[in-house]
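Undergrad: Next comes the sequence, and after it the predicted model I'd like to discuss.
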Amino acid sequence: MSLQIDRLWQGLLDTLMMVGVSSLAALLLGLPLAVVLVITDRNNLFANPLLNRLLGWVVNLFRSVPFLILMVALIPFTRMVVGTSYGVWAAVVPLTLAATPFFARIAEVSLREVDKGLVEAAQAMGFHRRHIIWHVLLPEARPGIVSGFTITLVTMINASAMAGAIGAGGLGDLAYRYGYQRFDSQVMLTVIVVLVTLVTVLQLCGDRLSRRLNHR
C-alpha cells in the first residue's frame, strides 16, 4: 500500500513538473505571439499583413497536428534540446510546442475583443503604440487571457497523461504500467480521481481569478 502511495505521489510530482514548466514556457511564448498576431493585422497598430499571415500559418500548422504525432515527430529535436527522448523533461518540449499556439489563439481572441473605442481614445490622447499595448490591450484582455490560460492548463494535463503512457512518466505512466498492463482497476480509478481533482481545482482557481480581474 505504501509503495502504491509513493508511486502515486511521484507520478503527481512528475505531472506537475511537466505541466508547470511547459505552461510557463507556453505563457511566455504564447502571449507575445498573440499580441503580434493582433497588432500586425490589417488596420492595426503595427499592420504587417505578410508577417501576420506567416505567423498565422505557423500557429495553425502546430495546432492541426495531434499531440501524439507531434510528440513522436519531435523526438530528434527533443533529444537535441534536453539530451533524451524519454522522461519528464523530454515531455516538456512537445508539450510546450503544442500548448504555445493553442494558448496564442485563445489569447488572440481575448485581445481582439477589447473595445476599439478604447484604443482610438488612447491614440487620440497621444499614447505611443507600445503604451497602448501595455496599458490598454493587455489590461482589458486580462480576464479572457486568464480563462484561456486555465483552459490551456487543463488541456496540458490531459496531454501529459497521454505522454506518460508512452514513456514520459507522471500519472499517465502510472495508469498505463500499473493499472492497464497489470489489470489493476484500483490504480486506474485512483489516477482518474487525482486527475479530475487536479483539473477541478485549477478550473475553479482560474475562474475565480478571471472574475476578480473583470471590471466591466
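TA: Nice, I can see it. Numbers count the residues shown, from 1 in each chain.

Undergrad: tell me which strands and helices the worst-scoring helix or strand of the chain on mean pLDDT is in contact with?
TA: Ranked by mean pLDDT, DSSP states H and E, the weakest helix or strand in the chain is helix 170-174, scoring a mean of 78. If you count contacts as 3 or more C-beta pairs under 8 Å, 6 or more residues apart in numbering; DSSP states H and E, helix 170-174 packs onto helix 2-39, helix 138-163, helix 185-213. Heads up, the C-betas are built off the backbone N, CA and C, glycines and all.

Undergrad: I'd like to know which of the ones you listed lies nearest to Gly169.
TA: helix 2-39 (4.4 Å; C-beta to C-beta).

Undergrad: Residues touching the one helix or strand Arg130 maps to, excluding its own?
TA: Using DSSP states H and E, Arg130 maps to helix 129-132. With contact meaning C-beta atoms under 8 Å, 6 or more residues apart in numbering, helix 129-132 is reached by Ile39, Leu45, Phe46, Val119, Ala122, Gln123.

Undergrad: Contact partners for the second one?
TA: Pointing back at Leu45 there. Leu45 touches Ile39, Val119, Arg129, Ile132, Ile133, counting by C-beta under 8 Å, 6+ apart.

Undergrad: Narrow those residues to those that are buried.
TA: Taking 16 or more other C-beta atoms under 10 Å as the criterion, what is buried in these is Ile39, Val119, Ile132, Ile133.

Undergrad: could I get those residues as CSV with distance to Ala25?
TA: Compiled in CSV, the buried ones among the contacts of Leu45 are given as follows (distance: C-beta to C-beta, whole Å):
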residue, distance to Ala25
Ile39, 22
Val119, 29
Ile132, 27
Ile133, 21
